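*Asks:* attaching a predicted model along with its sequence, questions to come.
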Amino acid sequence: MKIIGIARHRLSTDGDGVTTLVAFHGCPLRCQYCLNPQSLADSGKFKEYTPQSLYDEVRIDELYFIATNGGVTFGGGEPCLRPQFIREFRELCAPVWRLNLETSLNVPSVNIEVLLPVVNTLIIDIKDMNPAIYNSYTGQSNDLVLDNLRLIADSGRQKDCIIRLPLIPDFNTETDRTASRSRLETLGFDNFDLFTYQIRRH
């Protein structure tokens, strides 16, 4: 798989302890304020990895992972487009490594079914639960997101999720965000990361 970047020694920003962030190329969304546009750039400029070659590169920090309850966080782009890769990587690394996902959940539910048994934490960027707001901002429907939230809830994994609920200038309001949070709480989610996008206008 094409990897657009590997960032080491991240402390409590992408999960517990010291983590290494591995960012995949490719994303199904076209967000108006994309935070990682290189994930949509020409893939030819990025290095390709197998699960084994990625493991060989990141295992240098294994002692940090073990000592701090850390591990590897897969982001992107959209890591849940690569479920088999992540599952094969899980089979290579020590069970004490934590594996986390930073995801929009806008992928087929079968992908999430593959990933749930092998990951510890899902950091889910919801954008907004309102379908019209979501489509306006991302260019996509949030039907798959809703399906996958129900799948996670039915699996009893809500406590393993951090839900990012951004306030996005010109797209949603605090009222919208409160409504999104209320809908998520009815599914049993209760760990929310509330923040505001800082938009640099030129």
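*Replies:* Cool, the structure landed. Residues are numbered from 1 along each chain as shown.

*Asks:* in space, what's closest to L144 - neighbours in sequence excluded?
*Replies:* Counting by CB to CB, 6 or more residues apart in numbering, L144 lies nearest to N106, which is 5.1 Å off, once chain neighbours are set aside. Every residue, glycine included, has its C-beta placed from N, CA and C.

*Asks:* so the one you found makes contact with L149?
*Replies:* No. Using CB atoms under 8 Å, N106 makes no contact with L149, being 11.1 Å away.

*Asks:* need the contact list for S43.
*Replies:* The contact partners of S43, taken as CB atoms under 8 Å, 6 or more residues apart in numbering, are K2, H25, G26.

*Asks:* the strands in the protein, which residues?
*Replies:* For the chain, the strands defined by DSSP state E cover 2-11, 18-24, 47-48, 71-75, 98-103, 121-125, 161-167, 192-196.

*Asks:* need these in a markdown table with mean pLDDT, can you?
*Replies:* Putting those into a markdown table (pLDDT from 0 to 100) gives the following:
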| stretch | mean pLDDT |
| --- | --- |
| strand 2-11 | 93 |
| strand 18-24 | 96 |
| strand 47-48 | 95 |
| strand 71-75 | 97 |
| strand 98-103 | 97 |
| strand 121-125 | 97 |
| strand 161-167 | 96 |
| strand 192-196 | 95 |
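
*Asks:* re the thing from before, name the member of the contacts of S43 with the most neighbours.
*Replies:* Tallying neighbours with other CB atoms under 10 Å puts H25 at the head of these, with 24 neighbours.

*Asks:* tell me the confidence at it?
*Replies:* pLDDT, H25: 96.
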